[in-house]
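A.B. asks: From the sequence below, what's the structure:
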Amino acid sequence: MSAKYNKLIVNDLEISVTTINQEDYICLTDMIKAKEGEFYISDWIRNKDTIEYIGTWESLYNPNFNYGEFTTIRNEAGTRAYRISVTDWVARTNAIGIVAKTGRYGGTYAHKDIAFNFGMWISPVFQLYVVKDYQRLKNEEQNLMLTEWNVKRILSKVNYTIHTDAVKDFIIPKIDVEKQKLYAYADSPFLLNIALWGCTAKQWREANPKYNEKGLNIRDVASINELVVLSNLESFNAELLKLGVNKQKRYRHLNRMAQEQLKHLNVVDAEKTFRAIERNEIKQLTQKKDTF
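C.D. replies: Just a heads-up that it's a prediction; the model follows:
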């Protein structure tokens, strides 16, 4: 899977941003172009304050950090004769906060926390501009994700008339309870479908071949109330995974939560409210489209 790259624009300087292990890393090689004169990243990393900062960062976020080597480096840092490169730092300490990348977007990248510290070394004003444009980038990404989610959700329902009465004859297959448990305990992706609908996506497709031929799956034909509960289940399941809850217990928690929330939403007829919101969203999307 190829890495995703974005750009910060700071005083006409393009600074690459990439994602590593779901964390943003900013290109120090691009950032240093903003510093006047002949300076190198190694000039920054040899500084004792820098070593203290990135060592502290690694101690917080890197369980494999080599404290012994870090102590040696820290004791040597700051002297005139002392030199260390990013490559040496990573090799000696098993650091993860700074990485070297090759290829089209090659260069030295650092986790955003460390990159902001690097920006302060270049100049306080420059660092503030970097932080400000990074916030701009995050806001754009968030708005884009929300927009894409709404557009895909709404258009899929419009295209297939899911939020009308046109699709009512799909089948929820009845699965033997013991067989259902085996599925539930197998793999995490099955748990949500089993907990909410009592069947896997594959079982639903087999029971509804005509919808499967159209490319529709169980989530495409779900009611809005079910989609709301599904979203809540996904968040709850993620938290249970963090807590190390095993699959059997997660299934029981998820199934109980699904039944309780569906019962409540159906009683208060929440779907009418969600449909009204969607109609308003569709109207806004149409108006925006007409302005282009």
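
A.B. asks: how close does Leu28 get to Pro124?
C.D. replies: Separation of Leu28 from Pro124 (Cβ to Cβ, to the nearest Å): 17 Å. Backbone N, C-alpha and C define where each C-beta goes, glycine included.

A.B. asks: neighbour count winner among those two?
C.D. replies: Leu28 (24 against 10; other Cβ atoms under 10 Å).

A.B. asks: Using the three-state scheme, assign the residue nearest to the more buried one when sequence neighbours are not counted.
C.D. replies: Spatial nearest neighbour of Leu28, chain neighbours left out: Thr108 (4.6 Å); criterion: Cβ to Cβ, 6 or more residues apart in numbering. Assigned with DSSP: H, G, I helix; E, B strand; the rest coil, Thr108 falls in the strand class.

A.B. asks: which residues touch Ile96?
C.D. replies: Applying Cβ atoms under 8 Å, 6 or more residues apart in numbering, we find Ile96 in contact with Glu58, Tyr61, Asn62, Asn64, His111.

A.B. asks: same for whichever strand or helix holds Tyr211, what does it pack against?
C.D. replies: Per DSSP states H and E, Tyr211 falls inside helix 209-213. Helix 209-213 is packed against helix 201-207, with contacts defined by 3 or more Cβ pairs under 8 Å, 6 or more residues apart in numbering; DSSP states H and E.

A.B. asks: Buried by neighbour count: which residues of the helix it packs on qualify?
C.D. replies: Residues of helix 201-207 classed as buried by neighbour count (16 or more other Cβ atoms under 10 Å): Ala201, Gln203, Trp204, Arg205, Ala207.

A.B. asks: which residues of the stretch 1-150 of the chain score low on pLDDT?
C.D. replies: Across the stretch 1-150 of the chain, the ranges flagged by pLDDT under 70 are 1-4, 142-150.

A.B. asks: what about the helices in it?
C.D. replies: 28-31, 41-45, 48-61, 67-76, 86-93, 112-122, 124-159 (DSSP state H, counting those that start in this stretch).

A.B. asks: Can I get the third one in CSV? Just the C-alpha atoms.
C.D. replies: Below are the C-alpha coordinates for helix 48-61, written out as CSV (Å, rounded to 0.1, in the frame of the first residue of the first chain):
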residue,chain,number,x,y,z
LYS,A,48,21.9,18.8,23.8
ASP,A,49,18.3,20.3,24.2
THR,A,50,17.3,18.5,21.0
ILE,A,51,18.6,15.2,22.3
GLU,A,52,16.7,15.7,25.6
TYR,A,53,13.5,16.5,23.8
ILE,A,54,13.4,13.7,21.2
GLY,A,55,14.7,11.2,23.9
THR,A,56,11.8,12.2,26.1
TRP,A,57,9.4,11.8,23.2
GLU,A,58,10.8,8.3,22.5
SER,A,59,10.5,7.3,26.1
LEU,A,60,6.8,8.1,26.0
TYR,A,61,5.8,6.5,22.7
